[in-house]
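Student: Here is a sequence with its predicted model. Questions after.
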Amino acid sequence: MLDSISASWESTPTQTVEQHRIIAAIDLGTNSLHMVIVRIEPTLPSFSIIAREKETVRLGDRDTKTGELKPEIMEKAIAALGRFQEVAKTLNAETTIAVATSAVREAPNGKDFLQRVEDELSLSVDLISGQEEARQIYLGVLSGMEFNDQPHIIIDIGGGSTEIILGDSHEARVLTSTKVGAVRLTSELITTDPISNAEFQYLQAYARGTLERSVEEVQANIQTGETPRLVGTAGTIETLALIHAREKSGSVPATLNRYEFSLKDLRELVNRLRKLNYSERAEIPGMPDRRSEVILAGAVILQEAMTILGVDSLTVCERSLREGVIVDWMLTHGLIEDKLRYQGSVRERSVLKQAKKYNVNLEHSDRVAKFALSLFNQTQGKLHNWGAEERQLLWAATILHNCGHYVSHNAHHKHSYYLIRNGELLGYTETEIEIIANLARYHRKSAPKKKHENYANLLHKEDRQIVSKLSAFVRLAVALDRRQIGAIARVQCEYNPDSQELQLHIFPSHPDDDCALELWSVDLKKEVFEAEFQLKLVTTLESAVTVS
């Protein structure tokens, strides 16, 4: 039953592309800001990297008392992003996609910072969850390395978090994100230089203890007889590989892609690094600017992860989050039709997984979604001008609107908001998840109000408008399946702009059903709809639908 709904919104025509397109992707990480600019080859489909930019800004160096991003660091980040934009413009990038991760995600003023970026640079930055970050890292790695359907564990050590992923070139089996990163552990645990024995021992124990839960989840999903290969990505691991390569061969490899080093070699390097101070580590050939300050903590995280995973070697992949952002954009815009095509429906699968988790009555939710999308489609260009993206958010909200019953029937609409907001739906940005959660929140009881904290979390007027108006569709859709038995087969809208009236023709499923409860419920719920769209809603019960 759900297939019909998901197919309907997934069948939206995608853009036909005949020529190369240039796209920029920016990652606002805890340690550094990175940008990659790629040329998309739509006929393959694939992309080639034509430029990279990096600036070490240290967004993770937050105020120790408040946890907020520091003013001077925000200024530095905005200046760097402005320079990135100039480079992208010079290379004729048609669009720039930007994501922010743990440092901005955890800072109390993180959203204010992103608002400043948008106001000053006209650059919209998506704040993504830890699991979503892991999913996009997985996409990036898959775009640059062939798994041949064999299980691989991916580890990405960032400044503020470490993602560990289990996949086999199909849908990821496990996506984890842990608050343990090179910058975070350096600032929180290391006060001596060189590090003292006591601090080093604690650093190891803390890294191991924090990573254990993620590793256990990965190991629980490895099947009997499988021996996964470990793939490492991002700055810490690439730096360790570069140092190792220089020392073993005396030269820098043309690419670090597929470069391998062992846990034994890593242990030896960690033991050397712990005896050096910052300036001595900075002198090591291959050590990038400012990486010497945090490399020890990053190396220890990798050492402990490899130890508890029980793997003795690691293979480097140079593609990671930024490239994953590009792949995700290509999927969203219909540019990938063969390899990775299964990832295109990640949103749908994630919503249905959440629905199953919270014991949602999918038959009822499916009918509510059908009615909401029908109202949306029939009034498009008349009452609103939203398109496929907003339609998908409406679908997700209607499927999950009742998930709050999992907590309690009382105020279940508020529980739905909480569960959706904190459920880490994959494939959606933080703003999109906030919209979905709010749409579900307002399927009953009070209409959206500025004083409501959840509504105020929507920073943009456009997003609040989506919630205010589309939640009115959700209310009507819920009313149309009041008895949850499928009493109504379909609805037909007829809008008269002169009289500002919307005729809602209701077709019952059975000729002897007067649908009295549904009609009463629609009449009760229509007030919010009428107020939002400034019209009068008139319902008419038509003859039952006959099936030929």
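Tutor: Noted; the coordinates are in hand.
Student: and K65, how many neighbours?
Tutor: 6 (other Cβ atoms under 10 Å). Every C-beta, even on glycine, is put in place using the N, C-alpha and C of the backbone.
Student: Helix, strand or coil: sort out it for me.
Tutor: coil (DSSP: H, G, I helix; E, B strand; the rest coil).
Student: What distance do you get for it to P108?
Tutor: 11 Å (Cβ to Cβ, to the nearest Å).
Student: ok, longest helix in the chain?
Tutor: Of all the segments of type helix in the chain, defined by DSSP state H, the longest one is helix 197-220.
Student: Can you list the low-confidence ranges for this protein?
Tutor: 1-19, 42-45, 336-346, 424, 544-548 (pLDDT under 70).
Student: those strands in it, which residues are they?
Tutor: Per DSSP state E, the chain carries strands over the ranges 21-28, 32-41, 46-56, 95-100, 125-127, 152-157, 162-167, 174-178, 229-233, 260-262, 313-316, 488-496, 501-508, 536-541.
Student: can you tell me which of those strands comes nearest to R464?
Tutor: Nearest to R464 among the strands of the chain is strand 125-127; the distance by Cβ to Cβ comes to 17.3 Å.
Student: Which neighbouring elements make contact with that closest one?
Tutor: The contact analysis (3 or more Cβ pairs under 8 Å, 6 or more residues apart in numbering; DSSP states H and E) places strand 125-127 against strand 95-100, helix 102-106, helix 110-121, helix 430-441.
Student: In space, not sequence, find me the middle residue of the protein.
Tutor: E132 (3.5 Å; Cα atoms, centre = their mean).
Student: With adjacent residues omitted, what lies nearest to that residue?
Tutor: Nearest non-adjacent residue to E132, counting by Cβ to Cβ, 6 or more residues apart in numbering: L426, 5.9 Å away.
Student: residues contacting that neighbour?
Tutor: For L426, the contacting residues are Q131, E132, R135, L175, V346, R347, R349, S350, by Cβ atoms under 8 Å, 6 or more residues apart in numbering.
Student: can you check R135 too?
Tutor: R135 makes contact with A172, L175, G324, V346, L426, G427 under the criterion Cβ under 8 Å, 6+ apart.
Student: State the distance from it to L426.
Tutor: With Cβ to Cβ as the criterion, R135 and L426 are 5 Å apart.
Student: any chance of the helices and strands packed on strand 125-127 in TSV, plus distance to R490?
Tutor: Putting the helices and strands packed on strand 125-127 into TSV (distance: least, Cβ to Cβ, whole Å) gives the following:
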stretch	distance to R490
strand 95-100	39
helix 102-106	43
helix 110-121	41
helix 430-441	22
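Student: still on that earlier bit, and of the contacts of R135, the nearest to D27?
Tutor: Distance to D27, by Cβ to Cβ, is smallest for G324 among those, at 9.4 Å.
Student: Look up how far L175 lies from E304.
Tutor: For E304, the distance to L175 equals 20 Å [Cβ to Cβ].
Student: what ranges do the helices span in the stretch 201-350 of the chain?
Tutor: Using DSSP state H, counting those that start in this stretch, the helices found in the stretch 201-350 of the chain span residues 235-249, 263-273, 278-282, 295-309, 321-332, 346-357.
Student: if you count what's nearby, which of E304 and L175 comes out ahead?
Tutor: The neighbour count for E304 versus L175, taken as other Cβ under 10 Å, is higher for L175 (26 against 23).
Student: what number of residues lie near A134?
Tutor: A count of nearby residues for A134, using other Cβ under 10 Å, gives 29.
Student: Return the distance of it relative to S320.
Tutor: 11 Å.
Student: Find residues that contact each of those two.
Tutor: By Cβ under 8 Å, 6+ apart, the residues touching both A134 and S320 are D156.
Student: which one of the contacts of R135 is nearest E53?
Tutor: Using Cβ to Cβ, G324 is the member of those that lies nearest E53, at 17.4 Å.
Student: close enough to count as contact, that closest one and I137?
Tutor: Yes - taking Cβ atoms under 8 Å as the contact criterion, G324 and I137 are neighbours in contact, 5.5 Å apart.
Student: what about D149, how many neighbours?
Tutor: D149: 8 surrounding residues under other Cβ under 10 Å.
Student: Let me see the contact set for it.
Tutor: D168, S169, H170.
Student: And I190, by the same measure?
Tutor: Residues near I190 by Cβ under 8 Å, 6+ apart: E199, L203, L296, A297.
Student: With adjacent residues omitted, what lies nearest to the last one?
Tutor: Leaving aside its chain neighbours, A297 sits nearest to L185 (4.0 Å; criterion: Cβ to Cβ, 6+ apart).
Student: pretty sure that neighbour contacts I295?
Tutor: No - if you go by Cβ under 8 Å, L185 and I295 don't touch, sitting 11.4 Å apart.
Student: neighbour-wise, which of those two wins?
Tutor: Taking other Cβ under 10 Å, L185 and I295 do not tie; I295 has more neighbours (27 against 24).
Student: now the more buried one: how far from G159?
Tutor: 12 Å.
Student: which residues are common contacts for the two?
Tutor: Shared contacts of I295 and G159 (Cβ under 8 Å, 6+ apart): A182.
Student: residues near the residue nearest to R441 when sequence neighbours are not counted, how many?
Tutor: Nearest residue to R441, sequence neighbours excluded (Cβ to Cβ, 6+ apart): Y417, at 3.8 Å. Neighbours of Y417 under the rule other Cβ under 10 Å: 25.
Student: just K357 next, same as before
Tutor: Quick note: K357 (other Cβ under 10 Å) scores 12 neighbours.
Student: Same check on I137?
Tutor: Counted with other Cβ under 10 Å, residues neighbouring I137 total 30.
Student: Ok, A489 next?
Tutor: There are 16 residues near A489, going by other Cβ under 10 Å.
Student: For N271, see how far away it is.
Tutor: A489 is 72 Å from N271, where distance means Cβ to Cβ.
Student: Tell me how far the nearest residue to V270 once chain neighbours are set aside lies from A198.
Tutor: Distances taken as Cβ to Cβ, 6+ apart put A299 closest to V270, at 5.0 Å, once the chain neighbours are dropped. Applying Cβ to Cβ, the value for A299 to A198 is 18 Å.
Student: cool, L459 as well?
Tutor: L459 is 45 Å from A198, where distance means Cβ to Cβ.
Student: Show me which of those two is the more surrounded one.
Tutor: Neighbours were counted for L459 and for A198 using other Cβ under 10 Å; L459 has more, 15 against 9.
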